[in-house]
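Novice: Sequence plus the predicted model coming up.
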Amino acid sequence: MEAQLEEAARVSGEPVSQIIRRAIESQCREILGEQLAPRLRDVIGVVKSTGGRATRTGAAFTESLKKRRARR
């Protein structure tokens, strides 16, 4: 692997450290994926709502989990 890294640096004209840095950045992006929050930054918190039909979704979800756990 070290020989490949040296060859890649020679061919690209970039320092080995730059190739390593880019590989790490690429791997982190691949593993973590693109995070949604930064993409939605402009719209998060913009809509004001009283909840409408979704007023009790948290409680309903909790009850659903309790029922599922009780069946097991």
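Specialist: All right, it came through fine. Numbers count the residues shown, from 1 in each chain.

Novice: If you rank every helix and strand of the chain by mean pLDDT, what lands last?
Specialist: Every helix and strand in the chain was compared by mean pLDDT, DSSP states H and E; the lowest is helix 36-40, with a mean of 82.

Novice: Can you show me the CA trace of the helix or strand following it as CSV?
Specialist: Toward the C-terminus, helix 36-40 is succeeded by helix 57-71 as the next helix or strand (DSSP states H and E). What follows is helix 57-71, C-alpha atoms only, in CSV (Å, rounded to 0.1, in the frame of the first residue of the first chain):
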residue,chain,number,x,y,z
THR,A,57,-47.8,11.8,17.8
GLY,A,58,-45.1,11.4,20.5
ALA,A,59,-47.6,10.0,23.0
ALA,A,60,-49.1,7.7,20.4
PHE,A,61,-45.7,6.4,19.3
THR,A,62,-44.8,5.7,23.0
GLU,A,63,-48.0,3.8,23.5
SER,A,64,-47.4,1.8,20.3
LEU,A,65,-43.9,0.8,21.5
LYS,A,66,-45.3,-0.2,24.9
LYS,A,67,-47.9,-2.5,23.2
ARG,A,68,-45.3,-4.0,21.0
ARG,A,69,-43.0,-4.7,24.0
ALA,A,70,-45.9,-6.3,25.9
ARG,A,71,-46.6,-8.7,23.1
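
Novice: what's helix 57-71 packed up against?
Specialist: In terms of contacts (3 or more Cβ pairs under 8 Å, 6 or more residues apart in numbering; DSSP states H and E), helix 57-71 is not packed against any helix or strand. Placement of C-beta: from N, CA and C, glycine included.
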